[in-house]
Every structure is written in C-alpha cells, then in structure tokens.
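In: Okay, predicted coordinates and the sequence, questions at the end:
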Amino acid sequence: MSPLFSLVILTASLLSVLAAPSNSNAAVPGKRYSGWGTYFDDRRNACPGMKYSFNEPIVAVNAHKFDKSLCGKYVRANLRGSSTKKVYKIVDICRGCDKNSLDFSKSGLRQLTKSGMVRIDWEVLKSSKPTPTTTSIKTATKTKTTTKPTKTPSSKKYSGRGTWFSDTSGSCGQKFSQSDMIVALNRAQMGALYGKGSKCGQKVRVFAKGYPGKYVDAVIRDTCPSQYCSYGALDLSRAVFQKFAPLKKGVLQLEWQFL
C-alpha cells in the first residue's frame, strides 16, 4: 500500500471519529423519546457560540441524551397523547432534567401548554432545518409580547420561614442538584402536582429579611410537607440558601412572589 493511500485512509478515519457523537447515549435523529417538558431562562453555554433569544422556540436537551453534535439541530415535540407538534431548535443542555426530558424556552413551552411541567414525546429531526410547513417560528413571534409580563413578579407577596434541604429528587418527578436554583413549596400552596394549575416548574422570586437589595429567582421542583413548612414557607436548595447566608444559619425569614 502506498504511503499516500495510507494517509488518505488515516485522514478519513480521523474525520469519522471527530464527526461521531462523543456521548454514546446521545439522541438519535428520527427516534422517538418520551419524558417531561419544563422551561428555563438561564444559559448553560453547552453549545459554544450559539446565539438565541428566550422569545424563540428553543430547547435544552437532558444531559443523558445531549451531545454537542446536536447543537443547532431541531426537535419535533408534542404533548403526550396530542397530535399537535411543534419544532424547536437545540441550543443547550439541561443537567437537571430527567432522562429523555427537555427544557423549553417559556414562550416555546406555551406553544404546547400553559402548564409549567408536562409529559411530552419528541424526536430529533433528520433534516438540519425544519420543514417549510412548520409555523413554530411565526408562533414564537406572536407570543413574544406575552412573555414580557412574566419577568415582573405578581403583586401578591407571601411571607414565611426559609429552611434548606439536601434531597436531589422531589414530588414534581424531576431529579435536580443542590447547586441548582430550586425550592420546595409548602404543601398548602402546592396544589395539584400535574396538569392545569400545577406549581411544578413555576418560578418564584425570593427575598430574605435582613439582606436588602438581594433576591434569587428559583424554580419549584418539590413539596415541603405540612409538618415542616406552614403556609408561606419555602424549603430552599443549598445553593439558594447560601445566596443569602451560610447553611449554619439554619432559618431565614422570607418574602417571595410567583413570577
């Protein structure tokens, strides 16, 4: 075999290795997956150089199925049991999502449901761009004005004790990390876990008395039992609690609002 031919084969092999997904569990285009759909509004920067707006129909893929080779590709998603499908662009990773789950931009999730957490089916599209028949981009433009009020807290404020907990999964059915900005809502205010009116996945803005000018936006991922949390109380992840004080403080007096 000539040295030149050997070099060609070696180069082709190297290119195929570089093109292959680094995650052997990465989502396969055309294959259907079932999981949870939630929303996010923070950047994890797992897709270097990816530019996007949270007013666009975008998703972050769960860490188990994510690979950088998916960045910029599209997924088609629908509510479990629904034939209505929407197309979203993959822009990031969701490390706190369950296996086979997706994190949507809030305006993107609103194309499917008004709930903050729903069961979904989805697949990565084989084509690099959505088909011309999709209306997901136009829909996102229409919903842009409806997302602005969500950045302002509701007028209603609640007060209660703020404690911290160490769990990594909760009643909302999602795993999370104690480095995530999440809270457990008291049982009295939690209501139904799923469907319309569910507080799972909803955001809250948390203030602590004695720490003026400081607040944390967090996501509800669990329920705090009534024997530990009365009406108005929140159980905070360690990361949220430590934004205000060391864990040894134990208890904070909170004021908070739904976003």
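Out: Nice, I can see it. Residues are numbered from 1 along each chain as shown.

In: Helices of the stretch 51-200 of the chain, residue ranges please.
Out: The residue ranges that make up the helices of the stretch 51-200 of the chain, judged by DSSP state H, counting those that start in this stretch, are 106-109, 136-147, 187-190.

In: weakest of these by average pLDDT?
Out: Between the helices of the stretch 51-200 of the chain, the lowest average pLDDT goes to helix 136-147, which shows a mean of 44.

In: nearest residue to Q189 other than its sequence neighbours?
Out: Residue nearest to Q189 in three dimensions, not counting chain neighbours: Y231, with 6.4 Å by C-beta to C-beta, 6 or more residues apart in numbering. C-beta here means a position set from N, CA and C on the backbone, and glycine is covered the same way.

In: go on, R221?
Out: I182 (4.2 Å).

In: I'd guessed that neighbour sits against I220; true?
Out: Yes: A contact is recorded between I182 and I220 when judged using C-beta atoms under 8 Å, the distance being 7.4 Å.

In: Output stretch 97-110 as CSV, nothing but the C-alphas.
Out: What follows is stretch 97-110 as a C-alpha-only set of coordinates in CSV (Å, rounded to 0.1, in the frame of the first residue of the first chain):
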residue,chain,number,x,y,z
CYS,A,97,-33.6,17.2,33.6
ASP,A,98,-34.7,13.6,33.9
LYS,A,99,-33.5,11.2,31.2
ASN,A,100,-35.4,11.8,27.9
SER,A,101,-36.7,15.2,29.1
LEU,A,102,-36.5,18.6,27.5
ASP,A,103,-36.2,22.2,28.9
PHE,A,104,-38.1,24.7,26.7
SER,A,105,-38.0,28.5,26.5
LYS,A,106,-41.1,29.6,28.3
SER,A,107,-42.6,31.0,25.1
GLY,A,108,-41.8,27.7,23.4
LEU,A,109,-43.5,25.6,26.0
ARG,A,110,-46.5,27.9,25.8
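
In: Now it: buried residues?
Out: By neighbour count with 16 or more other C-beta atoms under 10 Å, stretch 97-110 contains the buried residues 97-98, 100-110.

In: Lowest average confidence across helices and strands of the chain, where is it?
Out: Of all helical and strand segments in the chain, the minimum by mean pLDDT, DSSP states H and E falls on helix 136-147, at a mean of 44.

In: So for this structure, the centremost residue is which one?
Out: With distances taken as C-alpha atoms, centre = their mean, the residue of the chain nearest its centroid is D103 (3.4 Å).

In: For beta bridges, what are the partners of that one?
Out: In this structure, D103 has the following beta-bridge partners (DSSP bridges): T38, A60.

In: Quick one: residues contacting the closest residue in space to S101 that isn't next to it in sequence.
Out: Spatial nearest neighbour of S101, chain neighbours left out: G35 (3.6 Å); criterion: C-beta to C-beta, 6+ apart. Under the criterion of C-beta atoms under 8 Å, 6 or more residues apart in numbering, the contact partners of G35 comprise 62, 97-102, 119-120, 122.

In: quick check, nearest of those to V75?
Out: W122 (5.1 Å; C-beta to C-beta).

In: okay, now the closest residue to K89 other than its chain neighbours: neighbour count?
Out: Nearest in space to K89, with sequence neighbours left out and distances taken as C-beta to C-beta, 6+ apart, is I58 at 5.1 Å. The tally of other residues near I58 (other C-beta atoms under 10 Å) stands at 23.

In: do C224 as well
Out: Applying other C-beta under 10 Å, we find 25 other residues in the vicinity of C224.

In: pretty sure it contacts I182?
Out: No: because the distance of 11.9 Å does not satisfy C-beta under 8 Å, C224 is recorded as not touching I182.
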